[in-house]
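Trainee: just need the structure, nothing else, for what follows:
(one chain, ligands or ions: 2)
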Amino acid sequence: MGYLKQIDVENFKSWRGKQVIGPFMRFNCIIGTNGSGKSNVMDALSFVMGERVASLRVKHLRDLVHGAHIGRPVSDTARVAMRYCDNKDLETVFCRSIIGDSSEYCINGVRVTLAKYLEEFGKIGIVTKAQNCLVFQGAVESIALKDPKERTKMFELISQSREYAAEYNKKKEALLKA
Ligand code: ATP
Ligand code: MG
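Mentor: Ligands and ions are numbered 1, 2, ... in the order given. This is a model prediction of the structure:
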């Protein structure tokens, strides 16, 4: 199973200039005082995974540039790159940059369309449209309160097992009848 190795940020939210978050291990814990930037790590991750601006706690993409929250952006560009290692330690670098209010997407330094970018995430088993892959601050309770069927649906979507559900149920029924 692959894992997230490192996130490289440049002028993104609370990180000024080029900075490195990580290296990560297979299980990680981020601790810090209130306002120290823990949720910004989640924002960097969802940003690089192609999340739409509406889900990034800002109105416009340009608000994500360091200093923009106080009306003093240090640049008109910002960048987040995610280094992902597969089970053979082969690295893939997904990078999203913003220039003003537009985004550019690159995989291993090669510019690609958003559709291709998301497709490559799909190939490594990350379903970016299943937003609950990342559970944000305040969302834990709403997930815990979902009824069991809804929660099962959510896990099926994240794990991509949903597409096999019909076949599974059919075989289960056949076995029960036998
Ligand atoms: P809490 O424990 O309260 O949830 P947190 O560690 O999750 O806090 P974040 O919400 O990640 O904190 O970070 C908030 C900080 O990010 C604030 O100090 C804010 O000034 C800073 N910040 C947000 N946007 C920008 C930006 N565009 N430029 C620079 N700093 C920013
Ligand atoms: Mg937070």
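Trainee: return the distance of the helix or strand containing Ile98 from the chain's centre.
Mentor: Taking DSSP states H and E as the definition, Ile98 sits inside strand 91-99. In terms of C-alpha atoms, centre = their mean, to the nearest Å, the centre of strand 91-99 is set 12 Å apart from its chain centre.
Trainee: now that strand: average pLDDT?
Mentor: Predicted confidence along strand 91-99 averages 97 (mean pLDDT).
Trainee: now the phi/psi pair for the residue in the chain positioned nearest to ligand 2, please.
Mentor: In the chain, the residue that lies nearest ligand 2 is Ser39 (3.2 Å; C-beta to the ion). Glycine gets a C-beta too; all of them are placed from N, C-alpha and C. The phi and psi torsions at Ser39 (degrees, to the nearest 10) take the values phi -70, psi -30.
Trainee: ok, the residue nearest the centre of the chain to Val80 distance?
Mentor: For the chain, the residue lying nearest the average C-alpha position, counting by C-alpha atoms, centre = their mean, turns out to be Ser46 (3.4 Å). In this structure, Ser46 lies at 10 Å from Val80, with C-beta to C-beta, to the nearest Å as the measure.
Trainee: before we move on, what about Phe136?
Mentor: Distance of Phe136 to Val80, given as C-beta to C-beta: 17 Å.
Trainee: same deal with Ile107?
Mentor: Remark: distance between Ile107 and Val80 (C-beta to C-beta) = 14 Å.
Trainee: what sits in contact with each of the two?
Mentor: With contacts defined as C-beta atoms under 8 Å, 6 or more residues apart in numbering, the residues adjacent to both Ile107 and Val80 are Cys95.
Trainee: neighbour count winner among those two?
Mentor: It is Val80, of Ile107 and Val80, that has more neighbours when counted by other C-beta atoms under 10 Å, with 26 against 16.
Trainee: bridged to that one, which residues?
Mentor: Going by DSSP bridges, Val80 is paired in beta bridges with Val9, Arg96.
Trainee: buried stuff in stretch 104-112?
Mentor: Neighbour counts using 16 or more other C-beta atoms under 10 Å place 105-107, 112 of stretch 104-112 among the buried residues.
Trainee: between those, which sits nearest Leu175?
Mentor: Checking the buried residues of stretch 104-112 against Leu175 with C-beta to C-beta, the nearest one is Ile107 at 42.8 Å.
Trainee: what's the spacing between the closest one and ligand 1?
Mentor: The spacing between Ile107 and ligand 1, counted by C-beta to the nearest ligand atom, to the nearest Å, is 26 Å.
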